[in-house]
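In: With the sequence up front, the predicted model follows.
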Amino acid sequence: MGRLGVAWERFWFEPEPAAGLGVVRALVYAGLLAIYSRTDLSSFGTLPAEFYAPVAPLRLLSLPVLAESHLRALHWLWLLSLALGSLGLFSRASAVAAFVVGAYLLGVEDSFGRKDHRDMVVVLTLGILAASHAGDAFSIDAWLRRRAGIGPPAPSPEYRWPAQAVRLTLAAAFFTAGVAKLRHSGLAWVASDNLRDLLIEVSYIGFHTGHQPNLLFARSAFLCKMLAGATLAIEVLYPLALVSARARVVLVPASLALLVGFALILGPRFTTWAVLSVVWLPLDRLGSVGRGRAG
Amino acid sequence: MSRGRRLVAHLIVAAILIGQAVALVRDRETWPFSTYPMFSYLGGGPWVEVTWLFEVGADGRERPLKSLSRLQTFRLYPLEKIIERVRDRPDGDRLLDKALCELLRQYTSMRRRGEEDGPPLAGLRLYSLRWERDPRAGNVDRPSGRVLLAEALAAPGGAR
């Protein structure tokens, strides 16, 4: 195995304690439960068919938009699976249900033209967790196993690759967003008055709300250019967090600040991305803490 | 970790990498892989255009949609993407009118069932609004012009 192969192996499959991934599972499912329990996904069953353009998986599988009552039942089932997933009860089944039902519901939502793409990384993350052994620690299932006399699992690659895959998903999303800006606008996205114009435009998009914090920032052309430069730098450099601890310390908090900024002055709320960012917690240290508690 | 499990892990990682790379190279969304193009195009220009749905009250007055509380998509987001998609289809304008009629019918029946607590609506109108760009956005409540893209009006006595 060459140096590249060794690095690949170490990146994905270096053994880790189960507790770190267990903590991520519990926090991610709990965060998504908090977000999506306040979203009415059943209402899409009432929208006119003319507005429906199914996303590729729904089209390929010929999956229809269910009636409102069925969508409501599915939404409750999804929330239940997220709750069970967070608690770590029936971990495997709840993770699979959370992925399958969540992918369908979020696919239906995106089939009606939602613009902000906040859910796609959620679908990918649910898929990764469904294929993982994230319920082996920090879970009721683990507690029950321990009571039955079964010892905690040994450190394993099984507890590293899923967290790395979620990090990769987030990194790819940020990086792609940065590339889109460079591809469509070049460095003019930073060097011109683009962000300032954009902030002003947001006032017109939200013309009916009267809420215009964006205009405070739009007053300074210099500040707008600085913010645009920082945005682009964070997005394009984000993948470095995968391989550099120093970059991680800077880029992950900066990306969270970026998401807060988006919500405050541009409008779209990427709260799901912020929730998924728990995957950057120092899982090896969480592992040593978790072993003593719910291991 | 068994060889089978290792293969599963590799397949998932490969799917993520390939899916995202394909979306990136083609500059086209393949759900659940996106190119995240929001705000990536240069703005500017002397005009700003926004497509928005208005409700027509029983008194005939128009206001930006506030009812249809359960249909969040139509209240919270600019509608350009979804509208363009319908209008690009053959017979798109008629489909758009039909869709608004259906939306109004849904609202009225939900209201009758007590699932909507908004006022009775006499209609829905979809406008493309146009403003002359003002650096202070002081004219947001006074569009320079608007174009009616589609409308649905309740039959007399049907807006109860």
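Out: Alright, I've got the coordinates. Residues are numbered from 1 along each chain as shown, chains lettered A, B, ... in the order given.
In: Find me the pLDDT at the residue of the stretch 101-250 of chain A found nearest chain B, would you?
Out: Across the stretch 101-250 of chain A, the shortest distance to chain B (C-beta to the nearest C-beta) belongs to residue A:113, at 3.2 Å. Where C-beta positions appear, they are placed from N, C-alpha and C, glycine not excepted. Residue A:113 carries a pLDDT value of 70.
In: Helix or strand, whichever it is, which one in chain A has the lowest mean pLDDT?
Out: One helix or strand of chain A scores below all others by mean pLDDT, DSSP states H and E: helix A:283-291, with a mean of 63.
In: Wait, residue A:203 touches residue A:215, no?
Out: Yes - Residue A:203 is in contact with residue A:215 according to C-beta atoms under 8 Å; the separation is 6.1 Å.
In: Name the residue in those two with the higher neighbour count.
Out: residue A:203 (24 against 16; other C-beta atoms under 10 Å in any protein chain shown).
In: where does the more buried one sit relative to residue A:222, distance-wise?
Out: 20 Å (C-beta to C-beta, to the nearest Å).
In: Can you give me the buried ones in stretch B:1-19?
Out: Using 16 or more other C-beta atoms under 10 Å in any protein chain shown as the test for burial, stretch B:1-19 gives B:1, B:5, B:9, B:12-13, B:16, B:19.
In: okay if I get those residues as a markdown table plus distance to residue A:79, secondary structure and pLDDT?
Out: Shown next, in a markdown table, are the buried residues of stretch B:1-19 (distance: C-beta to C-beta, whole Å; DSSP: H, G, I helix; E, B strand; the rest coil; pLDDT from 0 to 100):
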| residue | distance to residue A:79 | secondary structure | pLDDT |
| --- | --- | --- | --- |
| B:1 | 32 | coil | 84 |
| B:5 | 29 | helix | 95 |
| B:9 | 28 | helix | 96 |
| B:12 | 25 | helix | 97 |
| B:13 | 29 | helix | 96 |
| B:16 | 26 | helix | 96 |
| B:19 | 27 | helix | 96 |
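In: Show me the common contact partners of residue A:203 and residue A:215, please.
Out: residue B:137 (C-beta atoms under 8 Å, 6 or more residues apart in numbering or on different chains).
In: pLDDT weak spots in the chain?
Out: Looking at chain A here, since you left the chain open. A:114-116, A:207-212, A:286-295 (pLDDT under 70).
In: try chain B instead
Out: Along chain B, segments meeting pLDDT under 70 span B:67-81, B:156-160.
In: at 50 what do you get?
Out: Counting by pLDDT under 50, chain B has low-confidence residues at B:75-76, B:159-160.
In: Strands of that one, residue ranges please.
Out: Applying DSSP state E to chain B gives strands spanning B:47-57, B:62-64, B:121-132, B:145-153.
In: For the stretch 1-150 of chain A, which residues are neighbours of chain B?
Out: Contact residues, the stretch 1-150 of chain A versus chain B (C-beta under 8 Å from any C-beta of the partner chain): A:12-13, A:39-40, A:43-44, A:46-51, A:53, A:55-57, A:103, A:107, A:109-110, A:112-117, A:119-121, A:123-124, A:127-128, A:131.
In: Next one: the closest residue to chain A within chain B from residue A:179, what distance?
Out: Using C-beta to the nearest C-beta, the closest approach of chain B to chain A is made by residue B:82 at 3.2 Å. When distance is defined by C-beta to C-beta, residue B:82 is 25 Å away from residue A:179.
In: Which one's more surrounded, the two?
Out: Per other C-beta under 10 Å, whichever of residue B:82 and residue A:179 has more neighbours is residue B:82, with 23 against 18.
In: So if we follow the domain assignment, how does chain B break up?
Out: Chain B resolves into domains spanning B:1-41, B:47-153 when parsed by automatic domain parsing.
In: could you pull out the strands for the stretch 151-295 of chain A?
Out: Using DSSP state E, counting those that start in this stretch, the stretch 151-295 of chain A contains no strands.
In: which bits of it sit near chain B?
Out: With C-beta under 8 Å from any C-beta as the criterion, the stretch 151-295 of chain A meets chain B at residues A:156-158, A:161-162, A:165, A:168-169, A:172-173, A:176-177, A:179-181, A:183-185, A:188-189, A:192-194, A:197-198, A:200-201, A:203-205, A:207-208, A:212, A:215, A:218, A:266, A:268.
In: same thing but 7 Å
Out: A:156-158, A:161, A:165, A:168-169, A:172-173, A:176-177, A:179-181, A:183-185, A:188-189, A:192-194, A:197-198, A:200-201, A:203-205, A:207-208, A:212, A:215, A:266, A:268 (C-beta under 7 Å from any C-beta of the partner chain).
In: Pull out the buried members of those.
Out: Burial by neighbour count, judged by 16+ other C-beta under 10 Å, picks out A:156-158, A:161, A:165, A:168-169, A:172-173, A:176-177, A:179-181, A:183-185, A:189, A:192-194, A:197-198, A:200-201, A:203-205, A:207-208, A:212, A:215, A:266 from these.
In: So which of those belong to helices?
Out: A:161, A:165, A:168-169, A:172-173, A:176-177, A:179-181, A:183-185, A:189, A:194, A:197-198, A:200-201, A:203-205, A:215 (DSSP state H).
In: which ones are touching the nearest residue to residue B:30 once chain neighbours are set aside?
Out: Leaving aside its sequence neighbours, residue B:30 sits nearest to residue B:23 (C-beta to C-beta, 6 or more residues apart in numbering or on different chains; 5.3 Å). Residue B:23 is in contact with B:29-30, B:33-35, counting by C-beta atoms under 7 Å, 6 or more residues apart in numbering or on different chains.
In: The same query, at a cut-off of 8 Å, please.
Out: Contacts of residue B:23 (C-beta under 8 Å, 6+ apart): A:176, B:29-30, B:33-35.
In: Would you list the buried entries among those residues?
Out: Buried among those (16+ other C-beta under 10 Å): A:176, B:29, B:33-35.
In: which among those gets closest to residue A:61?
Out: Distance to residue A:61 across the buried ones among the contacts of residue B:23 (C-beta to C-beta) is lowest for residue B:33, with 17.0 Å.
In: Just to check, that closest one is in contact with residue A:117?
Out: No - counting by C-beta under 8 Å, residue B:33 sits too far from residue A:117 to count as a contact (9.9 Å).
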